[in-house]
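1. Quick one, fold the following:
(chains A and B)
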Amino acid sequence: MPKLVSHPDEVKIISRRFGMGATNIDRYIELDGYEAVRKCLANGPEWIVEEMKTSGLRGRGGAGFSTGMKWSFVPKQSAKPKYILVNGDESEPGTCKDHLIFLHDPHAVIEGTIIAGLAVGSKMGFIYLRGEYRYLIEIMERAVADAYDRGFLGKHIFGTENEFQIITQTGAGAYEVGEESALMESLEGKRGVPRIKPPFPAVVGLYGGPTVINNAETIATVPHAIQMGGAAYSAVGTPRNGGTRLFSISGHVERPGVYELPMGYNLKKMIYDVAGGVRGGRKLKAVVPGGSSTPVLLPEEIETLGMDFDQVGKAGSMLGSGGVVVIDDQTCMVEFALRTISFYAHESCGWCIPCREGTDWLKKSLTRFHAGFGTRSDIDNIQYLAENMLGRTFCPLGDAAAMPTIAFIKKFRKEFEDHLNGRPCPYAKEGVPQLTVV
Amino acid sequence: MPDVTFTVDGKKLIAPAGTLLIDACRKAGIEIPAFCYYPGLSLQAACRMCVVRQEKVPKLQTACTTTVAEGQVFTTESPEIAQARKATIELLLGNHPLDCPVCDAGGECELQDMTFKYGAGESQFVEVKHHRDEQQWSPAVFYDRPRCILCYRCVRMCGEGMDVWALGIHNRGADSVIVPNDAHQLDCEQCGMCIDVCPVGALTSGSYRYKTRPWEMNHVSTVCTHCADGCKVTLGVRQSNDGSEIVRADNRDKSGINGDFLCAKGRFGFDFVDSPERLQQPLVRNAQGKLEPAIWDHAIRVAAGKLKEIRDERGGSAIGVIGSNRTTNEENYLLQKFARTILGANNIDHERTTDYASFARALSGHPGKTASLRDIAQACAVLLVGGDPTDEHPLLAWLLRTDVRLNRARLYVANSQSIKLARQAKATLELRPGDLSRLAATLEAGQTDFSKAILAEESLVVIFGEEFRGEAIENLIAWGLKRDNVRFAYLGDHSNSRGAADMGLFPDLLPGYVPVTAPGAFAEYPTLPAASGNSLPQMLDAAAAGDLGALVVVGANPVSHAKLDPAVFQHTFLIVQDLFLTETAAVADVVLPAASLYEKSGTITNTFGDIQIVRKAADRAGVKTDFEILVRLAEGMGVDVGALVPFGKRGTTGDLGQSRGAQSGEADRHSVWLEANGLEPRLSPFDPLAVLDEIERLVPGYKLDRINLFAGNDVHTEPASPKLESGFVPLSTLAAPDLVVPAHDTLFTSGTLGRYSIALKQLEQHQKKELAEFAAD
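-> Numbers count the residues shown, from 1 in each chain, chains lettered A, B, ... in the order given. Take a look at the predicted model:
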């Protein structure tokens, strides 16, 4: 089990039960578990949705859409069954928060799912874990079985007339399936490619029924927000950005790990104080603020940057999944770009042309460029390519590859130019990766 | 849906709300490029070529998924959009091989066209392209993987369109490839629709690949010669040393009733015309009893002389005539006229595969009760009784599937077997032996869910298979006629079986199912024997008994079909017109090499009564059309051919060139022009159009919309409409139902023709192998 980190600035809401043995249902109940859902049963669906709207909780998957609003879009009456879908396909490089939730607090996910079900009138929830988290599915399944044993799940949950069932499922190892409609395809047993929208999942989702799909962290936050009360939860963060968030801090820092900090927490402080500063006292070169798909920020851009959806957006990047990747001054940004784009080229589902061909082309060009065989026009070409992928792809994966690439070139053009004229990578110590073509 | 008004490129357009923008634009003549969009298939939005700008929407939108609503404003051409499309093409070309000079699709490639239009010809891409080896999936389908742009049209066409689901996608990202269902081979219906819809040269046809360039072919629009559905087919014809050869068949302009569709036979089964076994000169049996090649004049003289001799000495009843299920209506009409007015007897029949005579009899006096293929394609409800269209009528199966899929039609299937179309059925009924005659009563009783559902339908098309004969047909039609809005179709076997029946290749029925005993308009024939003639089995019996002096067989093979001992013809002078030296031709006294349907002009009628024009596509040295052969036989017998073919009489006045001195004997340029434009010169006794005039004039139900027909469209006919004399029972129906022997051709067989098609043989073997492997798994 990975070591938990902590810092005095942390506000432990979601991570409150981490490391306290809450995978055990009795222990979870001892730690106020399943209190929120009882409160919800007593107050009814409208109350739940209102509480969620008040809490200001925004989707933790990356897009930051208001959870309460999302739930309110589900039609009250539906000929087809409604579903709750928990997106635990956590795959964004630099992000490892859901992992801890499944590991330490699986019942919070279950409780949140039940609450979502009560809010929209659904009787069935699915918890979908990424394929690489297969070892966590046992914990999750154990927790679900325990909840059934206690009557928290089933035909009459908590002895009421309400029914709620939960099914767990793992993916087969595809980043693309983190996209909500691709996840539904995958869950239905099909190839994990996204669907055309509209219709949106709230209207036509899993198996054609209205579906609420939330990130695992969002769902795990729900019971806490309910228990604290929407207003109290909202008060923790910044305006329009309620509560706390699990920030996965990785890269060249002294104390990497997952920290729960209030929304709007200063990024510079997060790096230098919470995570103990740049490793070995080196200089900070750049920060990726919200997972690998978000545009990179320069040290001067983070001085006063508060980590919430709106402030990071204003700074020209995105809060995304809260995966902060810290890059020190001994890192080659071309190689970093290559590493990033290699991921997207590998994970592109291949459905649409700009993403399928664009990521492949970028990867090939960057590999050659990084190995010292680039020309000046390659730099413009790479930017041209990325700009022509942006906004043109079927799903956001293309944007996720294009946005950081554009930022790397715009902000580190000089470093790209340093690779020209047959000069080897100035940072390479043990050779550079060469292009292999299938 | 109510109409809405929206603006595209400054033009106000009106379309029903919910119409896809791309469709609305295309209808209004605004071309929006797309690779993955294909009308009638599910939406993909994968190629991103159809992006347009919608007012007040931040991102470019795909026109293939945008539905129009009131007041929307779109821009479909702008520098921004052109750049987006150009970039997409640049990306595609990044891995697409630039082997256009050798690619089959070169010249008719959508990627090529769009590259030309959006100017992505210059590439900045210097990386090594992905290479993957080409694969052969079946004798018909090759996959050149690097050329694939992954538009998934083939996957959807195979799955949604064909309901075969033989194609899928492996891997992801730039490694994605289309894969066939059997790992490396296609186990499917081999229809080749995947090749047809491929916008580039990724899927190529085994019979066409690397043979020619599209611009080197003439594209001739005609009708398929195989099954009785009558798909329109475009033959790609190229000059060859031996006249001209057919190198490709498709439905290029998608104009026929079949639209996109062609099956394996239509697409690949044209190669019988080039079979090395094709007859190219007449054969005459010599004194030693051996068939030897002869010139046409001699062969005609021998055959006509013998016919005249026997007719004059023994009377017309000593001569029999067997017609064809594949020759044109004009040829069939001429054949029966030849038999009746020149040979002087009603001894004419054909190898009946369907009991059209009973069908016509049951419907007589009830016009407007037959369903055309176009009616079926739009029908709200269809009852399919018997038959297996997937195998025997691929176009009908396609139309029914499409009708269910896109129009939410309700299909009801009653069958003794479990047929594939049951997958599209709303309800099915299992038929047991003897149920066919009782079916009407069962439906009327309304005791099962199946019959209740049928009775609840406000309109219905009843399609029945060839297992229906005589009484069973009468019962079912009598039931339907009592209800409102019920129409019928009857499934036959060969491309012009219906035409053979309609044109009176019967010993007791004239064209249009008019009884010989009450000839009506046919009384104008110079002579018309009043007595019914012999049916085909009776003729064969007479031959065996030594009572048949001569037998003329046109495009038929009774020796093989009736499993005859060839010795039965030892006292019969046998004249055979055929493409090949069939079992029957092999024992003939004179064999006359005939042109195939692809080498002649005329009309044919499909099993639904839709008549279409057939255009001469290819040439074959040495052969003559059955029409010309008959006229020459008549001429050889000393007959005034003008009485047989009313040429030069009506319509455009004939000018055989006399007015210009008929220089060097060339044909009249005017008539050449007329013919080239599908008009009607009727200048020579060999012009089938002259006979079409007579068919229209005399055959009940064959009043044609000629302008439509000559424009290449299908025109519905109803030869069943005149009320037959009460009490008249055609010989063919109740008296001798075993006259009808269905051919039961499959996807890869086509009677005699299929035996000479190497392509169809290979496909059949491939599928047998696949099935054997499947069984072994």
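2. going forward, measure contacts between C-alpha atoms and count neighbours the same way
-> Fine.
3. What is the burial count for residue A:84?
-> The local packing of residue A:84 (other C-alpha atoms under 10 Å in any protein chain shown) involves 29 other residues.
4. ok, now which ones touch the residue nearest to it when sequence neighbours are not counted?
-> Spatial nearest neighbour of residue A:84, excluding adjacent residues (C-alpha to C-alpha, 6 or more residues apart in numbering or on different chains): residue A:125 at 4.4 Å. Applying C-alpha atoms under 8 Å, 6 or more residues apart in numbering or on different chains to residue A:125 gives the contacts A:83, A:84, A:85, A:86, A:113, A:114, A:117, A:164, A:165, A:166, A:167.
5. Partner strands of the helix or strand hosting residue A:125 and their direction?
-> Here residue A:125 sits within strand A:124-129, counting by DSSP states H and E. Applying DSSP bridges, strand A:124-129 is found paired with strand A:83-88 (parallel), strand A:165-170 (parallel).
6. Quick one: name the residues of chain B near chain A.
-> B:44-48, B:59-60, B:65, B:84, B:87-88, B:91-92, B:94-95, B:124-125, B:127-128, B:130-131, B:149-150, B:172-176 (C-alpha under 8 Å from any C-alpha of the partner chain).
7. switch the cut-off to 7 Å
-> B:45-48, B:59, B:84, B:87-88, B:91-92, B:127, B:130, B:172-174, B:176 (C-alpha under 7 Å from any C-alpha of the partner chain).
8. Just the buried ones among those, please.
-> Buried subset of the residues of chain B next to chain A (neighbour count, 16 or more other C-alpha atoms under 10 Å in any protein chain shown): B:45-48, B:84, B:87-88, B:91-92, B:130, B:172-174, B:176.
9. any chance of these in TSV, plus pLDDT and secondary structure?
-> Listed next are those as TSV, based on pLDDT from 0 to 100; DSSP: H, G, I helix; E, B strand; the rest coil:
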residue	pLDDT	secondary structure
B:45	95	coil
B:46	95	coil
B:47	95	coil
B:48	95	coil
B:84	95	helix
B:87	94	helix
B:88	94	helix
B:91	93	helix
B:92	93	helix
B:130	88	coil
B:172	93	coil
B:173	94	helix
B:174	93	helix
B:176	94	coil
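10. Which residue ranges of chain A form strands?
-> A:83-88, A:124-129, A:165-170, A:211-215, A:244-251, A:257-262, A:265-266, A:284-288, A:306-307, A:323-328 (DSSP state E).
11. what does the model give residue A:128 for pLDDT?
-> Residue A:128 is assigned a predicted lDDT (pLDDT) of 97.
12. Can you tell me the closest non-neighbouring residue to it?
-> residue A:169 (4.8 Å).
13. show me the contacts for residue B:578.
-> B:554, B:555, B:592, B:593, B:594 (C-alpha atoms under 7 Å, 6 or more residues apart in numbering or on different chains).
14. Scan the residues you listed and report the most crowded one.
-> Going by other C-alpha under 10 Å, residue B:592 tops the contacts of residue B:578 with 33 neighbours.
15. Can you report phi and psi for that residue?
-> phi -110, psi 120 (degrees, to the nearest 10).
16. Could you pull up the residues touching it?
-> Residue B:592 makes contacts with B:282, B:283, B:576, B:577, B:578, as judged by C-alpha under 7 Å, 6+ apart.
17. Relative to residue B:37, how far out is the residue of the stretch 301-450 of chain B found nearest chain A?
-> Proximity of the stretch 301-450 of chain B to chain A (C-alpha to the nearest C-alpha) peaks at residue B:405, 17.7 Å away. Remark: distance between residue B:405 and residue B:37 (C-alpha to C-alpha, to the nearest Å) = 17 Å.
18. Same question for residue B:526.
-> 60 Å.
19. One more: residue B:772?
-> Taking C-alpha to C-alpha, one finds residue B:772 at 37 Å from residue B:37.
20. higher neighbour count, the two?
-> Each of residue B:772 and residue B:37 has its neighbours counted (other C-alpha under 10 Å); residue B:37 has more, 24 against 11.
21. neighbours around residue 402, how many?
-> All of this refers to chain A. So residue A:402, with other C-alpha under 10 Å, has 29 neighbours.
22. wrong one, chain B
-> By other C-alpha under 10 Å, the residues close to residue B:402 number 22.
23. is it fair to say it lies in a helix?
-> Yes - counting by DSSP: H, G, I helix; E, B strand; the rest coil, residue B:402 is located in a helix.
24. For it, which residues are in contact?
-> residue B:161.
25. For it, give its distance to residue B:265.
-> 20 Å.
26. Can you show me the strands along the stretch 1-150 of chain B?
-> Remark: strands assigned in the stretch 1-150 of chain B by DSSP state E, counting those that start in this stretch are B:3-8, B:11-16, B:51-54, B:61-62, B:73-75, B:135-136, B:141-143.
27. related to what we said a few turns ago, tell me which two in the residues of chain B next to chain A are the farthest apart.
-> The span of the residues of chain B next to chain A, defined through C-alpha to C-alpha, is set by B:59 and B:130 at 31.0 Å.
28. Centre-most residue in chain B?
-> Nearest to the mean C-alpha position of chain B, by C-alpha atoms, centre = their mean, lies residue B:230 at 2.5 Å.
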